[in-house]
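Participant: I'll drop the sequence and a predicted model, then ask my questions.
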Amino acid sequence: CSPDDPELGVFATRRLRLLNPMSQDQSQMRTSLLWGLARTVARNLAWGNSGVAIFELGRVFWPDAGQELPHESRVVGLAVDLQPGRASSDHGTRRALLELKGLLDLLAREVSGVELTSAQGEVPGLHPGRAARISLGERVIGCFGQLDPGLARSLNLPGAMALAEIDFENVFYFPRPTEN
């Protein structure tokens, strides 16, 4: 990712610099999938595609205190274009956000049999009042919400965008209950 990329999401925000980057816009290791997903949706809309919905299962890199190498984790990210008609009402936006949350809940339940919880709250880069943190037990493992309007404008989006991501490793490695 680039040093100019905004802080977005609940994961570590301090990015590690690469000594020999391929390009300046890839000079830091990413800590979240959200900004890359948002840019991809924006590019697709600029090319004339509508109703864009994408996902990624990708690697992120978080600084690990006292360690030379970062902690590497797999994260699932989702991004959905909230078409102007759909996002024009609070009801449409709320519905889209609940659909994203439902997808993450289904993934966690199917992969590990766990129940995620969510609580509305501040999430960097997401719209105040339209964002939530996702937890597994006491640990925050992700977030979902509407992209902050200022960031949406910087991408020249015609409407709003909903984003979500969870630390897949926390879900995947959670022991699945066995049936007797």
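Facilitator: Sure thing, it's come through. Numbers count the residues shown, from 1 in each chain.
Participant: longest single helix anywhere in the protein?
Facilitator: In the chain, ranked by residue count with DSSP state H as the criterion, the top helix is helix 90-112.
Participant: Buried ones in the very next helix or strand once past it, by neighbour count?
Facilitator: Later in the chain than helix 90-112, the nearest helix or strand by DSSP states H and E is strand 117-120. Residues of strand 117-120 classed as buried under the neighbour-count rule (16 or more other Cβ atoms under 10 Å) are residue 118. For glycine as for every other residue, the C-beta is placed from the backbone atoms N, C-alpha and C.
Participant: what is the rounded mean pLDDT of strand 117-120?
Facilitator: Model confidence over strand 117-120 averages 94 on the pLDDT scale.
Participant: Just the CA trace of the helix or strand just after that strand, in PDB.
Facilitator: Scanning the chain past strand 117-120 towards its C-terminal end, the next helix or strand to appear is strand 126-136 (assignment: DSSP H and E). The C-alpha trace of strand 126-136 is given here as PDB (Å, rounded to 0.1, in the frame of the first residue of the first chain):
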ATOM      1  CA  LEU A 126     -16.000   4.600   8.200                       C
ATOM      2  CA  HIS A 127     -19.100   6.900   8.500                       C
ATOM      3  CA  PRO A 128     -19.700   8.000  12.100                       C
ATOM      4  CA  GLY A 129     -22.900   6.300  13.200                       C
ATOM      5  CA  ARG A 130     -22.900   3.800  10.400                       C
ATOM      6  CA  ALA A 131     -20.100   1.500  11.600                       C
ATOM      7  CA  ALA A 132     -19.600  -1.400  14.000                       C
ATOM      8  CA  ARG A 133     -16.900  -3.500  15.400                       C
ATOM      9  CA  ILE A 134     -17.100  -7.300  15.200                       C
ATOM     10  CA  SER A 135     -16.000  -9.400  18.100                       C
ATOM     11  CA  LEU A 136     -15.400 -13.100  18.800                       C
END
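Participant: what's the offset of strand 126-136 from the middle of its chain?
Facilitator: Between the centre of strand 126-136 and the centre of its chain there are 10 Å (Cα atoms, centre = their mean, to the nearest Å).
Participant: Would you mark the buried spots in it?
Facilitator: For strand 126-136, a neighbour-count test (16+ other Cβ under 10 Å) marks 126, 127, 130, 131, 132, 133, 134, 135, 136 as buried.
Participant: picking that back up, what angle separates the longest helix of the chain from strand 126-136?
Facilitator: 30 degrees (axes from the mean of the first three to the mean of the last three Cα atoms, to 10 degrees).
Participant: Okay, buried residues for helix 90-112 please.
Facilitator: 92, 93, 96, 97, 100, 101, 103, 104, 105, 107, 108, 112.
Participant: avg pLDDT for it?
Facilitator: Per-region confidence: helix 90-112 scores 87 on mean pLDDT.
Participant: Much appreciated, bye for now.
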